[in-house]
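1. no sequence on this one, just coordinates:
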């Protein structure tokens, strides 16, 4: 009986974590979609003189090479799946 109670608590915890992750992903997706729509409409944040107070430009420094092409099916504890090795391939600029 104690085992069933612990199991149900663990299941509820897992469900709550998943709901939280899902909500965060939805918020991020919505924010990115709104941001893209603003850019395509030509709207700029007028927070300061040049309108770029909240802008941060990031560029890719490399690529992650992995046997997993999607998030689904990716193990959470990678050390337990030795065949699932991946690596990061860094992009070296030509002018260096």
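-> Structure received. These numbers were taken from a predicted model, which means no experiment stands behind them. Numbering: from 1, shown residues only.

2. so what's the residue count around the residue nearest to residue 91 when sequence neighbours are not counted?
-> Leaving aside its sequence neighbours, residue 91 sits nearest to residue 62 (Cβ to Cβ, 6 or more residues apart in numbering; 5.4 Å). All C-beta spots, glycine's among them, are computed from the backbone N, C-alpha and C. For residue 62, the neighbour count with other Cβ atoms under 10 Å is 11.

3. for the one 3 residues further on, same thing?
-> Around residue 65 there are 10 other residues, counting by other Cβ under 10 Å.

4. who is it paired with across the strands?
-> Beta-bridge pairing for residue 65 (DSSP bridges): residue 87.

5. which residues touch it?
-> 86, 87, 88, 89 (Cβ atoms under 8 Å, 6 or more residues apart in numbering).

6. what are the boundaries of the strands in the chain?
-> Assigned by DSSP state E, the chain shows strands spanning 62-65, 87-90.

7. need those strands in a markdown table with mean pLDDT, can you?
-> Shown next, in a markdown table, are the strands of the chain (pLDDT from 0 to 100):
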| stretch | mean pLDDT |
| --- | --- |
| strand 62-65 | 89 |
| strand 87-90 | 90 |
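
8. turn these into JSON lines, including distance to residue 75.
-> Formatted as JSON lines, the strands of the chain follow (distance: least, Cβ to Cβ, whole Å):
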{"stretch": "strand 62-65", "distance to residue 75": "15"}
{"stretch": "strand 87-90", "distance to residue 75": "16"}
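
9. among those, which is nearest residue 12?
-> Residue 12 lies closest to strand 62-65 among the strands of the chain, at 32.9 Å (Cβ to Cβ).
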